[in-house]
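Peer 1: curious how this folds, go ahead:
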Amino acid sequence: MLDRLRHPVLAIGFLLTLLVVPFDAGFAQQRGPSTPEERTRVVEVARALEQSPLDKDNKKGREWALAWVIQVPDLTIKVCTDLLGPVAGSKKNYSSELIAQMIISSAAFAIEHPDKATNDTAVSLAGVEGTLKAYEAILREKPKARHEFLDELVQERAKGQLAGYVEDTMKKCK
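Peer 2: Numbering: from 1, shown residues only. Alright, predicted model coming up:
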């Protein structure tokens, strides 16, 4: 399940994202652990979304994967909303898709690297990296869909400083 959201503006944006995702609270309590097939699908969806986040065929995958991360009882993803800065509180330029991407890419990393699944910093770094991939894919299709903050994170990544940013930000989230 998702850890408590740590930024009130993102909490609003995240809740708006959830409004478009089918969610049955009773299902989360009734369902059993995730299956290997579901975990494989989450990884596949994460990678597809990182490459083509605006593809209409991927929309249902995003909705399913986000709902799955919320509902599944045997995978916990800590969401540090500060990692995406002002993008988290924005309603423009595909912000909700990028927020969802951070969560889904984080889950995919935890699935692919079970030995690091409890390392919140490593999981969050993978989430941010997946978000930046999706952001760059969006810009290829919609060059005006820029977020200055994400442009800065892309530069941090290019300088090899993204891990330090994530580590510092995660300390504030604890």
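Peer 1: pretty sure Val123 is touching Ala117, no?
Peer 2: Yes. Val123 is within contact range of Ala117, at 6.7 Å (criterion: Cβ atoms under 8 Å). Backbone N, C-alpha and C define where each C-beta goes, glycine included.
Peer 1: any common contacting residues for these two?
Peer 2: Taking Cβ atoms under 8 Å, 6 or more residues apart in numbering as the criterion, Val123 and Ala117 both touch Ala110.
Peer 1: what sits against the nearest residue to Ser95 once chain neighbours are set aside?
Peer 2: In space, and not counting its chain neighbours, Ser95 is closest to Val87: 5.4 Å by Cβ to Cβ, 6 or more residues apart in numbering. Val87 makes contacts with Ser95, Leu98, Ile99, His147, Phe149, Leu150, as judged by Cβ under 8 Å, 6+ apart.
Peer 1: hmm, back to that, neighbour-wise, which of Val123 and Ala117 wins?
Peer 2: Taking other Cβ atoms under 10 Å, Val123 and Ala117 do not tie; Val123 has more neighbours (24 against 18).
Peer 1: contacting residues around the more buried one?
Peer 2: Taking Cβ under 8 Å, 6+ apart, we find Val123 in contact with Ile77, Lys78, Ser106, Phe109, Ala110, Lys116, Ala117.
Peer 1: let's go with 10 Å and repeat that
Peer 2: 76-78, 80, 105-110, 113, 116-117, 166, 170 (Cβ atoms under 10 Å, 6 or more residues apart in numbering).
Peer 1: and whatever helix or strand it lives in, which residues are buried?
Peer 2: Using DSSP states H and E, Val123 sits within helix 120-141. Across helix 120-141, burial judged by 16 or more other Cβ atoms under 10 Å covers 120-135, 137-139.
Peer 1: what's the answer for stretch 41-53, then?
Peer 2: Arg41, Val42, Val43, Val45, Ala46, Ala48, Leu49, Glu50, Ser52, Pro53.
Peer 1: inside helices: which ones of those residues?
Peer 2: Taking DSSP state H as the definition of helices, the buried residues of stretch 41-53 contribute Arg41, Val42, Val43, Val45, Ala46, Ala48, Leu49, Glu50.
Peer 1: pull the most distant pair out of the residues you listed.
Peer 2: The span of those, defined through Cβ to Cβ, is set by Arg41 and Glu50 at 14.9 Å.
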